[in-house]
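> Turn this into a structure:
(one chain, ligands or ions: 1)
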Amino acid sequence: MYSQGLIGADGSTTETPEFLERFQRRIDAEEKIEPNDAMPEGYRRTLVRQIGQHAHSEIVGMLPEGNWITRAPSLRRKAALLAKVQDEGGHGLYLYAAAETLGVSREQMTEELLSGKAKYSSIFNYPTLTWADIGVIGWLVDGAAIMNQIPLCRCSFGPYARAMIRVCKEESFHQRQGYEIVMTLAQGTPAQKAMAQDALNRWWWPSIMMFGPHDADSEHSDQSMAWKIKRFTNDELRQKFIDATVPQAEYLDLTLPDPDLKWNEDKGGYDHGPIDWDEFWRVVKGHGPMAKDRIKDRKAAWDKGAWVREAALAHAEKRCARKIAAE
Ligand code: 3HC
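Numbering: from 1, shown residues only. Here you go, the predicted structure:
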């Protein structure tokens, strides 16, 4: 057993250098860290923050698309969208379960979301105005999510890495489903193509903001990379996403709304125009166009589900009491 040091009542830690070095050696050797293993408090907190935010993003992400289920243009589209939104709910649940192995409860995490203490992805603060938005979200937002999440399958924390394997398979299907919606519109009537272009114009910049601030402004990246929670920096992932998406837009004969987007032979990737970081931080700080609605809707759903949680708990307590009595 490692000598870990102590955690003070204020959350401060006095972890010994020997413990931190041994932990880092395990990380460097690509060993998976499991919930019962000794770990630095900072490692645990970083994971709770990131997995919690990720879980909230999956759950809040159900809202902008869920609002199109009743308006999907055909039964086939409705069934696929319904399944996609259900998948996102499932992802949220695996992720809450992974975070719970680190000693936080789903109730705690949800309260932090509702109070504004915990974040969720900036992307879900924008409105879904037309059916084309549903296609573009699948193509770009799920596409960006996959780019970020495939490396998380190799995250050093076992439960998070394992949860991501299934999540990524499903996200990959969502991306194709979205791309197929956009392709149908782009190859449809001029009005349908214009609707696809309009959605692309509105979602492109928020999608590339999803990867977070530039590396120089990313508070957590260096430590998260050293702990192999993150395997690529925010800018590296954003670049991979842009490079993968440009040819997809060209194939659709749609235009990405960035006049500075140009192939750069020397770096072997596309250069892009400046990102509006003021907009990003405004949205992250809770002032996005749909921010109030998202939290209001999430709170209403949480409140409405109170009786289900109470009933499940009462049932679990009863079963537990019966089991103890039988032993
Ligand atoms: N939206 C909201 N907040 C963001 C953000 C975004 N797009 N990008 C960064 N931030 C926040 C960070 O959380 C951090 O704030 P905090 O200290 O209060 O937590 C601050 O900005 C500084 O950013 P850093 O780069 O230092 O933060 P990270 O190292 O945590 O990197 C991240 C940010 C790349 C988003 C990382 O947390 C990550 O990879 N998270 C897991 C993936 C995830 O959360 N994805 C959500 C996408 S949507 C989704 O998955 C749903 C699917 O169905 C489409």
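> count of residues packed around residue 194?
Using other Cβ atoms under 10 Å, residue 194 has 14 neighbouring residues. To be clear about C-beta, it is placed using only N, CA and C from the backbone, and glycine gets the same treatment.
> need the residues of this protein near the ligand, please.
By Cβ under 6 Å from any ligand atom, the residues of the chain that approach the ligand are 49-50, 53-54, 57-58, 61, 88, 119, 121-122, 141-142, 145, 148, 209-213, 218-221, 224, 234, 284.
> try 5 Å this time
50, 54, 57-58, 61, 88, 119, 121-122, 141-142, 145, 210, 212, 218-221, 224, 284 (Cβ under 5 Å from any ligand atom).
> How much space separates residue 123 from residue 18?
Here the criterion is Cβ to Cβ, to the nearest Å. By it, residue 123 lies 42 Å from residue 18.
> More neighbours: which of those two?
Shown here are residue 123 and residue 18; by other Cβ under 10 Å, residue 123 has more neighbours (22 against 12).
> On the three-state scheme, residue 47 is what?
What DSSP: H, G, I helix; E, B strand; the rest coil gives for residue 47 is helix.
> Now for it: which residues touch it?
Contact analysis of residue 47 by Cβ atoms under 8 Å, 6 or more residues apart in numbering lists 99, 102, 157, 160, 229.
> what do you get if the cut-off is 10 Å, keeping everything else the same?
33, 39, 98-99, 101-102, 104, 155-157, 159-160, 224, 227, 229 (Cβ atoms under 10 Å, 6 or more residues apart in numbering).
> any idea how far the ligand is from residue 66?
Note on residue 66: its distance to the ligand, by Cβ to the nearest ligand atom, to the nearest Å, is 12 Å.
> excluding its backbone neighbours, what's nearest that residue?
Among residues not flanking residue 66 along the chain, residue 85 sits closest, at 5.1 Å (Cβ to Cβ, 6 or more residues apart in numbering).
> What helix or strand is the one you found located in?
Take DSSP states H and E as the rule and residue 85 turns out to sit in helix 75-100.
> Now the element after that helix, going C-ward?
Scanning forward in sequence from helix 75-100 by DSSP H and E, the next helix or strand is helix 106-114.
> quick revisit: can you check the pLDDT for the residue nearest to residue 66?
Looking at residue 85, its pLDDT reads 97.
> Could you check how many residues crowd around it?
Residue 85 has 19 neighbours, counted by other Cβ under 10 Å.
> Does it touch residue 68 like I think?
Yes - contact criterion Cβ atoms under 10 Å: residue 85 and residue 68 qualify, at 9.1 Å.
> Give me the buried subset of the residues of the chain next to the ligand.
For those, a burial check counting by 16 or more other Cβ atoms under 10 Å picks out 50, 54, 57-58, 61, 88, 119, 121-122, 141-142, 145, 210, 212, 218, 221, 224, 284.
> between the contacts of residue 47, which is nearest the ligand?
residue 224 (5.0 Å; Cβ to the nearest ligand atom).
> what's the closest non-adjacent residue to the closest one?
Closest residue in space to residue 224, ignoring its immediate chain neighbours: residue 230 at 4.1 Å, by Cβ to Cβ, 6+ apart.
> Could you do residue 221 as well?
Leaving aside its sequence neighbours, residue 221 sits nearest to residue 233 (Cβ to Cβ, 6+ apart; 5.3 Å).
> Let me see the contact set for that neighbour.
Contacts here follow Cβ under 10 Å, 6+ apart; on that basis residue 233 touches 211, 212, 214, 215, 218, 221, 222, 224, 225, 239.
> Take those and lay them out in a markdown table including secondary structure and pLDDT.
Conversion of these to a markdown table gives the following (DSSP: H, G, I helix; E, B strand; the rest coil; pLDDT from 0 to 100):
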| residue | secondary structure | pLDDT |
| --- | --- | --- |
| 211 | coil | 98 |
| 212 | coil | 98 |
| 214 | coil | 98 |
| 215 | helix | 97 |
| 218 | coil | 97 |
| 221 | helix | 97 |
| 222 | helix | 97 |
| 224 | helix | 98 |
| 225 | helix | 98 |
| 239 | helix | 98 |
